[in-house]
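> coords please:
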Amino acid sequence: MNFFTKKALCILFSLVILTSFFPLLPVQVQAAPVESVTNRIYGNTLYDTAVEISKQGWESAPVAVLATGTNFPDALTGTVLAHKVNGPLLLTESDHLNPDVAAELKRLGTQEVYLLGGTVALNTKIEESLKNLGILPKRLSGWDQYGTAEEIAKTVTSSSSQAFIVNGEHFPDALSISSYAAAQGIPILLTHSDTLPTETIKALSELGVTNVTLVGGTAVINESIEEQLAKLPQPVKVTARYAGYDQYETNAVVLNQLPYDTSKIYVATGQNFPDALAGAALAGKTNAPILLIPNSKLGNSTTIYLNQKRTSGSAFTIFGGWGVISYTMESVIRTGAVQTQVSLQYTQGGYSGTNGMLNQVKSIPSPATDYADIIAPSWYYLDDTADGNIVGGWDATPQDYKQFTAFVQARNLKVLPVIQSSWDTPKTADTVMASASIRAKLINQILEKIQSVNADGIVIDFEFMSNETGPYLTQFMKELYAKLHPLNKLVIEAVMPRTGGEAWLGEFDYYGLSQYVDYLHVMTYDYSHGIPGPIAPLDWVNKVMQYTKSQGVDMRKVLLGIPYYGVDWTATGNSSAPYTRRSRGLHTLYGPTADKDLSGVMELIAQHKSTIQRDASQVPYFSYTDSDGTHTVYYDDAQSWHAKMELLSKYGLGGVGAWSMYWTVNPESSNMIFPILKQHLR
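Alright, predicted model coming up:
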């Protein structure tokens with residue numbers, strides 16, 4: 001992938017090449033899209049996420065609330081209690097106190113903890129663990145969730161004229177109302193779908209409730225409940241019912257009807273309860289709403305709410321990692337695009353300097369998310385010892401890596417460092433992939449590296465492998481994905497381009513690899529080797545995509561390789577190596593061979609008054625002569641980039657992977673390149 005070292009690849013393939021050649025338009029968003037500020041609070045597990053939420057909201061908390069993370073009924077109404085005691089709602093396993101939760105309670109200086117539910121939900125070992133920490137446990141429980149809700153309500157307040165009633169067997173409606181109920185100190189009580197539980201009747205009477213709001217339609221709270229409330233010895237009036245055709249529309253109705261402070265909106269999945277449950281305690285501190293969203297397509301009511309709040313300047317905070325709310329869904333929340341395609345931009349070279357990685361990222365116009373989603377710096381290589389160790393690819397301190405990551409993430413972009421196979425000893429990848437123990441060591445090192453710099457995932461770019469390594473490479477990706485995906489880290493695999501006839505690329509099993517990645521970046525560039533020719537002719541790129549689709553790959557996972565560089569071929573007169581090649585950008589040349597020659601393609605054309613021609617695939621080229629000899633230069637410009645980008649809609653691709661931003665720092669280049677990305681991807 002690195003153009004500094006592509007010469008080795010050129011030499012390797014040149015002999016082979018010389019002897020044998022081998023439903024939708026791009027997504028359009030609203031005319032004047034408004035982008036919101038979006039961030040995430042998440043941990044490696046649901047328990048860690050609750051701890052991270054606690055860290056965001058509380059410097060100290062003498063009292064906290066603890067619930068099980070394995071089931072929802074006992075904890076449904078606990079958010080109101082958490083607000084009452086001004087502490088977080090933390091989650092733990094049912095059979096022991098989670099060590100990270102214990103550490104968080106120590107950080108908070110917690111002295112008392114309310115346990116929600118009986119010993120099935122939180123067993124007595126947890127009480128003992130709390131006592132050993134010097135914390136007093138206080139258990140609130142009933143015979144079932146209805147009794148527990150009664151005990152929580154009576155602890156929150158001795159009297160209340162109002163209450164919310166939700167179905168005790170469905171968590172989304174309770175989560176919809178939880179932050180508002182917490183902020184207002186209004187108890188939440190539970191009911192069966194068609195019968196008021198005795199415990200709820202008792203709580204209504206003891207609290208003196210005269211008015212209730214039902215949350216949920218008649219399918220979850222039958223009209224008979226209203227009749228039963230009206231016939232109680234102390235009649236209770238239903239003043240409102242918030243309902244929609246499903247939990248998401250009900251959620252939108254709640255959020256539209258109640259007077260929340262929407263300067264910040266918290267977002268959680270509606271498919272499960274833990275993140276929203278813990279997050280509602282934080283949201284309740286500022287009377288902020290909890291917006292519930294599905295795993296895939298948003299309903300109209302949720303979309304309308306998001307668009308309104310985004311336009312009004314609301315900021316969004318997501319609870320949970322990408323395994324809970326996908327990167328695609330985050331883009332929908334942030335930009336309002338119904339569908340989004342990923343823009344993966346590689347950086348390479350040094351850390352700073354005129355063309356350093358920082359300046360490469362700075363070359364992206366603002367807002368950066370109009371043009372890019374993921375920045376992939378070329379940081380790591382397999383150690384030539386083939387023992388599973390990782391070495392750095394550029395001269396930087398650990399602080400430089402962290403600074404780069406923080407800078408990129410501050411622009412709402414993700415950082416996925418690239419790890420490449422060794423260029424000096426091509427058999428390194430073969431050796432590493434073939435050993436289960438070395439693979440395991442490498443995976444642990446990858447995890448350590450990305451966690452140490454707070455990266456969002458990893459790009460794997462292993463090349464120079466034998467065909468026999470193919471099954472091992474697929475197995476490695478399976479093992480890596482199994483380790484990183486639960487930690488909400490993205491995994492991208494960069495693969496060499498195949499049309500099906502290349503005998504030397506059998507190690508890349510497109511279908512097998514695609515099962516264990518978030519995206520498969522097919523590197524459709526560096527087509528020509530040995531003799532002058534285009535880097536990525538359109539007909540060849542199209543054949544690569546045809547082959548990829550024929551293998552059964554989910555094309556929504558495929559990133560199309562886009563080259564930002566061209567190649568300047570110089571005739572040598574040497575029959576064994578008739579041409580040398582040198583990479584050039586549209587407006588500048590950089591690299592180890594640059595010396596005094598900073599001429600880019602356009603500068604060369606002007607200097608030599610060259611005539612631009614185009615080959616059959618719309619790729620431009622020209623010739624010139626200087627003291628070194630006769631040159632032929634193939635490159636890409638707006639016309640050829642547009643032609644390649646048309647393949648995004650033709651094949652329903654997931655986006656692009658562009659090599660590399662090393663060539664974009666000149667404003668004249670970036671002013672041409674980035675608008676094309678925006679046009680086709682946004």
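> surely residue 569 is in a strand?
Yes: assessed by DSSP: H, G, I helix; E, B strand; the rest coil, residue 569 belongs to a strand.
> wait, it sits on residue 535?
No: Residue 569 lies out of contact with residue 535 (CB atoms under 8 Å); the separation is 11.1 Å. Using the backbone N, CA and C atoms, a C-beta is placed for each residue, glycine as well.
> identify the contacts common to these two.
residue 634 (CB atoms under 8 Å, 6 or more residues apart in numbering).
> just give me the longest helix of this structure.
Longest helix in the chain, counting residues (DSSP state H): helix 436-452.
> and it, what other elements does it pack with?
In terms of contacts (3 or more CB pairs under 8 Å, 6 or more residues apart in numbering; DSSP states H and E), helix 436-452 is packed against strand 390-392, helix 428-434, strand 457-461, helix 470-484.
> the ones you listed: which one's closest to residue 561?
Closest to residue 561 of these is strand 457-461 (CB to CB; 11.6 Å).
> between the closest one and helix 436-452, how many degrees?
Interaxial angle of strand 457-461 relative to helix 436-452 (axes from the mean of the first three to the mean of the last three CA atoms, to 10 degrees): 130 degrees.
> sketch out the low-pLDDT regions of the stretch 401-550 of the chain for me.
Along the stretch 401-550 of the chain, segments meeting pLDDT under 70 are nowhere present.
> one more: the chain?
Ranges of the chain meeting pLDDT under 70: 1-35, 337-340, 589-598.
> look through it and report the residue furthest from the middle.
Largest separation from the mean C-alpha position in the chain: residue 233, at 53.9 Å (CA atoms, centre = their mean).
> quick one: residues contacting the residue lying closest to that residue once chain neighbours are set aside.
Nearest non-adjacent residue to residue 233, counting by CB to CB, 6 or more residues apart in numbering: residue 205, 7.3 Å away. Counting by CB under 8 Å, 6+ apart, residue 205 makes contact with 232-234.
> ok, 10 Å please
Shown in contact with residue 205 (CB atoms under 10 Å, 6 or more residues apart in numbering): 232-234, 236.
> where exactly do the helices run in the stretch 501-650 of the chain?
With DSSP state H, counting those that start in this stretch, the ranges of helices along the stretch 501-650 of the chain come out as 510-514, 538-550, 601-608, 638-651.
> if we can go back for a sec, in what helix or strand does the residue nearest to residue 233 lie?
Per DSSP states H and E, residue 205 falls inside helix 198-207.
> remind me what the very next helix or strand once past that helix packs against, helices and strands.
Downstream of helix 198-207, the first helix or strand assigned by DSSP H and E is strand 211-215. When contacts are defined as 3 or more CB pairs under 10 Å, 6 or more residues apart in numbering; DSSP states H and E, strand 211-215 sits against strand 162-167, helix 171-184, strand 188-191, helix 223-230, strand 237-242, helix 247-257.
> same list, the ones you listed, but as a markdown table with distance to residue 348 and mean neighbour count please.
Below are these laid out as a markdown table (distance: least, CB to CB, whole Å; neighbours: other CB atoms under 10 Å):
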| stretch | distance to residue 348 | mean neighbour count |
| --- | --- | --- |
| strand 162-167 | 54 | 24 |
| helix 171-184 | 45 | 27 |
| strand 188-191 | 54 | 26 |
| helix 223-230 | 64 | 16 |
| strand 237-242 | 53 | 16 |
| helix 247-257 | 43 | 22 |
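> distance to residue 155 added to those, as CSV?
Compiled in CSV, these are given as follows (distance: least, CB to CB, whole Å):
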stretch, distance to residue 155
strand 162-167, 14
helix 171-184, 13
strand 188-191, 13
helix 223-230, 23
strand 237-242, 25
helix 247-257, 24
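> nearest to residue 71, of these?
Using CB to CB, the nearest of the helices and strands packed on strand 211-215 to residue 71 is helix 171-184, at 9.6 Å.
> okay, the angle between the closest one and strand 237-242?
Using the same axes, to 10 degrees: helix 171-184 against strand 237-242 is 120 degrees.
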